[in-house]
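**Student:** Output the structure for:
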Amino acid sequence: METTHALWLLAVPVGALMVAAAARRAGTPAPLVLVIAGLLFSFVPGVPEFELNPEFVLYVFLPPLLFSAAWQSSYAGLRENAWSIGLLSVGLVLFSTFAVGYAAHLLVPGLPLAAAFVLGAIVAPPDAVAAVSVAQRLGLPRRMVTVLVGESLFNDATALTAFRVAVIAATGAGFTLADGVWRFLFAAAAGAAVGLLLGPPLHWLRTRMNDPLVENGVAVLAPFAAYLIAESVHASGVIAVVVSGIYLGHRFTESAPVTRLIGHSFWKVVVFVLESVVFLLIGLQLPPVVNGLSGHGWPELTWWAVAIFGVTVAARFVWVFPASRLPRLLSRRQRARENVGWRGATVVSWAGMRGVVSLAAAFAIPFEASGAPFPGRDLIIFFTFTTVLGTLLVQGLTFPALIRVLGVGSERERYTDRVAEAGAQHAAANAALERLEELNAAEELDEAVVQRLRQLAEHRQLRAWERLGGGTGPEGEEVPTATYRRLRREMLSAERRVFVRMRDERRIDDEVLNRVLHELDLEEVALSRD
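**Tutor:** Down below sits the predicted model:
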């Protein structure tokens with residue numbers, strides 16, 4: 001039995017990667033395909049029940065996913081949109097908690113208000129992975145993506161704190177509103193303090209290692225350290241991870257180039273694997289959720305689930321439209337910026353896909369409250385599952401069409417970025433050439449070496465401008481830098497074949513082959529950047 005169980009545990013990540021690979025090949029958002037695949041797999045005879053372990057999700061999956069998103073986020077962008085992010089990650093979460101809680105209390109007979117607020121807190125935060133992965137793939141404007149990223153980074157902290165407060169209220173453990181406010185403020189402030197205290201020493205340690213593997217090893221441990229330290233003092237582990245990730249990500253330019261290359265590749269692989277497993281597990285939760293229900297007919301369960309899903313979606317619309325105007329009323333700097341308009345507000349309102357954090361919180365509800373079964377626990381888990389599933393499938397599947405219909409895209413922004421990049425590359429190349437001439441005058445360098453370096457700087461300068469035309473010149477002919485890249489890749493392939501043949505003939509060792517292939521691979525990756 002143990003071997004069979006281990007094989008099933010292996011089958012989940014293997015199946016997740018296979019489904020995700022197929023989705024990427026088809027150009028379809030992988031999270032949505034993975035959820036559907038999980039649902040289908042759950043009906044296959046012989047597939048065991050995979051009930052989410054909340055501690056496993058919150059302590060193993062959540063920290064690296066949050067840390068990676070925070071690491072790659074823009075500190076300047078988050079700061080510029082702090083008003084909008086705060087209104088969504090705190091105000092909207094609390095508003096959704098109350099709206100969904102009151103609706104569930106009125107809809108479901110016998111569901112106490114405190115238990116209904118537990119449900120509201122669970123389904124309040126949109127998932128960081130689903131919305132952002134879809135938004136970036138569809139090319140939303142940068143400011144909109146930044147707001148969605150910022151919301152998803154911080155809203156889990158608000159929701160998990162509200163969840164704990166609601167559970168305490170539902171269990172009747174001497175709860176008052178003042179206690180709830182204090183718990184929330186302490187968790188947020190202490191979590192931010194842990195992240196800020198942990199970030200600088202970790203950065204100092206990383207920059208003095210002079211070993212890319214050890215430096216990235218420190219980064220791997222950072223999210224788990226931040227989360228565990230914060231949770232041990234009853235602070236928000238989510239905020240601690242996010243703050244430390246933002247700090248270290250903002251200072252990553254001080255790391256060595258090899259460290260950055262290894263770290264970038266490592267986090268992309270880790271996040272891809274974790275995201276794939278998480279979304280497949282969401283779909284696989286159907287059997288344990290359904291098996292826990294009893295005493296209610298499917299018609300009324302379906303009606304309640306659809307109604308709660310509708311309230312969850314509607315609450316976001318009700319909050320986002322007025323909240324999108326509020327920062328412009330309160331801040332002169334915000335008034336000077338371009339207004340997102342009703343189209344942008346509609347897209348942000350529809351980008352409310354829920355995810356695995358909501359399911360983990362639902363399964364973390366205690367079985368008992370004051371010596372009696374927790375009121376409505378099975379119903380809360382069921383409504384959480386249907387809301388997560390509904391937002392991922394209904395909103396996720398229609399999100400691309402909505403963006404196309406509203407015409408909310410970033411084509412102009414991407415062109416502006418390319419112009420800015422070309423200008424920056426031009427200025428940097430000029431600075432490099434000036435420095436080369438200074439060194440040549442001081443050291444009387446070999447002219448062949450100097451000429452080769454001049455050509456390299458000019459090539460990079462020219463490539464940046466040619467990218468504005470998509471790599472083609474007048475009448476679609478191939479531009480010189482594109483020709484250079486194509487021919488150089490062919491030359492690298494020829495070199496690679498020679499090295500492999502010589503290894504097969506035992507004229508060079510595998511260690512030599514790996515070293516020379518690494519050099520060729522680095523050059524080809526640089527050529528393929530565009």
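**Student:** what's the host helix or strand of L106 in contact with?
**Tutor:** Secondary structure assignment for L106, by DSSP states H and E: helix 93-107. For helix 93-107, contacts defined as Cβ atoms under 8 Å, 6 or more residues apart in numbering pick out 111-113, 116-121, 123-125, 155, 158-159, 162, 166, 304, 307-308, 311-312, 315-316, 318-319, 383. The way it works is simple: take the backbone N, C-alpha and C, and place the C-beta from them, glycine included.
**Student:** Mean confidence (pLDDT) on that helix, please.
**Tutor:** Helix 93-107 shows a mean pLDDT of 94.
**Student:** Please point out which parts of that helix sit buried.
**Tutor:** 93-101, 103-105, 107 (16 or more other Cβ atoms under 10 Å).
**Student:** before we move on, what about stretch 509-523?
**Tutor:** Here stretch 509-523 shows L513, V516 as buried, counting by 16+ other Cβ under 10 Å.
**Student:** Tell me the gap between that stretch and the middle of its chain.
**Tutor:** Chain-centre distance of stretch 509-523: 33 Å, with Cα atoms, centre = their mean, to the nearest Å.
**Student:** For it, list the C-alpha coordinates in PDB.
**Tutor:** Provided in PDB are the C-alpha atoms of stretch 509-523 (Å, rounded to 0.1, in the frame of the first residue of the first chain):
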ATOM      1  CA  ASP A 509      35.900  13.500 -21.900                       C
ATOM      2  CA  ASP A 510      32.300  14.300 -20.900                       C
ATOM      3  CA  GLU A 511      33.600  16.900 -18.500                       C
ATOM      4  CA  VAL A 512      35.300  18.800 -21.300                       C
ATOM      5  CA  LEU A 513      32.100  18.400 -23.400                       C
ATOM      6  CA  ASN A 514      29.900  19.900 -20.700                       C
ATOM      7  CA  ARG A 515      32.300  22.800 -20.300                       C
ATOM      8  CA  VAL A 516      32.400  23.800 -23.900                       C
ATOM      9  CA  LEU A 517      28.700  23.200 -24.500                       C
ATOM     10  CA  HIS A 518      27.900  25.500 -21.600                       C
ATOM     11  CA  GLU A 519      29.900  28.300 -23.300                       C
ATOM     12  CA  LEU A 520      28.100  27.600 -26.600                       C
ATOM     13  CA  ASP A 521      24.700  27.500 -24.900                       C
ATOM     14  CA  LEU A 522      25.300  30.900 -23.200                       C
ATOM     15  CA  GLU A 523      26.200  32.500 -26.500                       C
END
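**Student:** And the contacts of it?
**Tutor:** Outside stretch 509-523, the residues that reach it (Cβ under 8 Å, 6+ apart) are R488, L492, E495, R496, F499, V500, M502, R503.
**Student:** Let's have these in a markdown table, adding pLDDT and distance to L436.
**Tutor:** Shown next, in a markdown table, are the contacts of stretch 509-523 (pLDDT from 0 to 100; distance: Cβ to Cβ, whole Å):
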| residue | pLDDT | distance to L436 |
| --- | --- | --- |
| R488 | 80 | 22 |
| L492 | 84 | 26 |
| E495 | 86 | 28 |
| R496 | 87 | 31 |
| F499 | 86 | 32 |
| V500 | 88 | 37 |
| M502 | 86 | 36 |
| R503 | 86 | 38 |
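**Student:** Now, of the residues you listed, which are buried?
**Tutor:** L492, R496, F499, R503.
**Student:** Which two among those are spaced furthest apart?
**Tutor:** Maximum pairwise distance among the buried ones among the contacts of stretch 509-523 (Cβ to Cβ): 16.5 Å, between L492 and R503.
**Student:** where does the stretch 151-300 of the chain have low pLDDT?
**Tutor:** Applying pLDDT under 70 to the stretch 151-300 of the chain flags the ranges 172-177, 295.
**Student:** Now do the same for L78: its pLDDT.
**Tutor:** Reading off the model, L78 has pLDDT 86.
**Student:** What about the protein, which residue is the most distant from its middle?
**Tutor:** E444 (51.2 Å; Cα atoms, centre = their mean).
**Student:** residue boundaries of the strands in this structure?
**Tutor:** 368-369, 372-373 (DSSP state E).
**Student:** What's the mean pLDDT across the last one?
**Tutor:** Throughout strand 372-373, pLDDT has a mean value of 76.
**Student:** Mind listing residues that contact it?
**Tutor:** F367.
**Student:** May I have the strands that pair with it, each with its orientation?
**Tutor:** Pairing partners of strand 372-373, with direction, according to DSSP bridges: strand 368-369 (antiparallel).
**Student:** Okay, and which of the contacts of helix 93-107 map to helices?
**Tutor:** Counted as lying in helices by DSSP state H, out of the contacts of helix 93-107, are 113, 116-121, 123, 155, 158-159, 162, 166, 304, 307-308, 311-312, 315-316, 318-319, 383.
**Student:** Give me whichever of the strands of the chain is most buried.
**Tutor:** Of all these, strand 368-369 has the most neighbours on average by mean count of other Cβ atoms under 10 Å, namely a mean of 16.
**Student:** what about Q455, how many residues close to it?
**Tutor:** As a burial measure, Q455 scores 10 neighbours (other Cβ atoms under 10 Å).
**Student:** do the same with H426
**Tutor:** 15.
**Student:** again, but for S236
**Tutor:** That count, for S236 with other Cβ under 10 Å as the rule, works out to 28.
**Student:** Surely it and F186 touch.
**Tutor:** No: S236 is beyond contact range of F186, at 9.0 Å (criterion: Cβ atoms under 8 Å).
**Student:** thinking again about what came up before, using TSV, lay out the strands of the chain together with distance to A225.
**Tutor:** Below are the strands of the chain laid out as TSV (distance: least, Cβ to Cβ, whole Å):
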stretch	distance to A225
strand 368-369	33
strand 372-373	37
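**Student:** where exactly do the helices run in the stretch 201-350 of the chain?
**Tutor:** Assigned by DSSP state H, counting those that start in this stretch, the stretch 201-350 of the chain shows helices spanning 212-232, 237-250, 257-283, 286-291, 298-330, 332-335, 341-350.
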